[in-house]
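Trainee: how would this look folded up:
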Amino acid sequence: MNKQITSAQIIAALDLLNKYEIGYYGNVLLGLPGESYDDIIAEVAAIPPGYAIRPILVKPHSGTEYQTRSISDAEAQHLDKIFTEHAYAMPKGRLIPGAASVDIGQWSIK
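Mentor: Numbers count the residues shown, from 1 in each chain. From the prediction side, this is the model:
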C-alpha cells in the first residue's frame with residue numbers, strides 16, 4: 001500500500017491516543033497480492049496487545065489490482081475465524097461510540 005509510514009510511527013501515535021484516553025479503532029489490511037498465509041499470521045501476531053486494532057482480510061474484486069490473492073479459500077476462511085477472535089479480544093475501554101476509524105495499513109510497512 002506504500003503508505004510511507006513506519007510501524008514505530010504508528011505505535012507512537014497509538015501510544016499517545018491511549019495515554020490521553022482518546023477513543024479509536026484501527027484496521028490492519030491483510031491479504032494483499034503477494035502476501036502468503038504465513039506472512040498474514042506473522043502480521044497478526046505482531047499487533048501489540050492492548051491496542052484497539054483489528055485485522056481485516058482484503059477481499060478480491062474483479063477488475064482491480066486486488067482481484068487475486070496468494071492464499072487459498074480455506075486459508076481465508078481460517079483467517080476470518082482468527083480475525084473474529086482477535087476482534088472480540090480487543091480492549092473494550094479504548095473504543096468510544098462514534099470514534100473515528102484509523103486505517104493504519106500494514107504493520108510491516110518500513
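
Trainee: give me the below-cutoff pLDDT ranges for the protein.
Mentor: Applying pLDDT under 70 to the chain flags the ranges 1-2, 65-66, 91-110.

Trainee: which residues in it form helices?
Mentor: When assigned using DSSP state H, the helices of the chain occupy the ranges 7-19, 37-45, 73-89.

Trainee: for Tyr51, which of those helices is the nearest?
Mentor: Proximity to Tyr51, assessed across these by CB to CB, is greatest for helix 7-19 (5.4 Å). The C-beta positions use only the backbone N, C-alpha and C, and glycine is treated the same way.

Trainee: that older thread, so which of the helices of the chain is nearest Ile53?
Mentor: Each of those was checked against Ile53 via CB to CB, and the shortest separation belongs to helix 7-19, namely 7.6 Å.

Trainee: buried residues, the closest one. List them.
Mentor: Of the residues in helix 7-19, Ser7, Ile10, Leu14, Leu17, Asn18 count as buried by neighbour count, 16 or more other CB atoms under 10 Å.

Trainee: distance of the third one relative to Gly31?
Mentor: Counting by CB to CB, to the nearest Å, the gap between Leu14 and Gly31 amounts to 22 Å.

Trainee: dig out what the spatially most central residue of the chain forms beta bridges with.
Mentor: By CA atoms, centre = their mean, the chain has its centre lying nearest to Val28, at 1.6 Å. The bridge-partner assignment for Val28, based on DSSP bridges, gives Pro55, Gly105.

Trainee: before we move on, the earlier item: and which of the buried residues of helix 7-19 is nearest Asp73?
Mentor: Using CB to CB, the shortest approach to Asp73 within those belongs to Ser7, at 29.4 Å.
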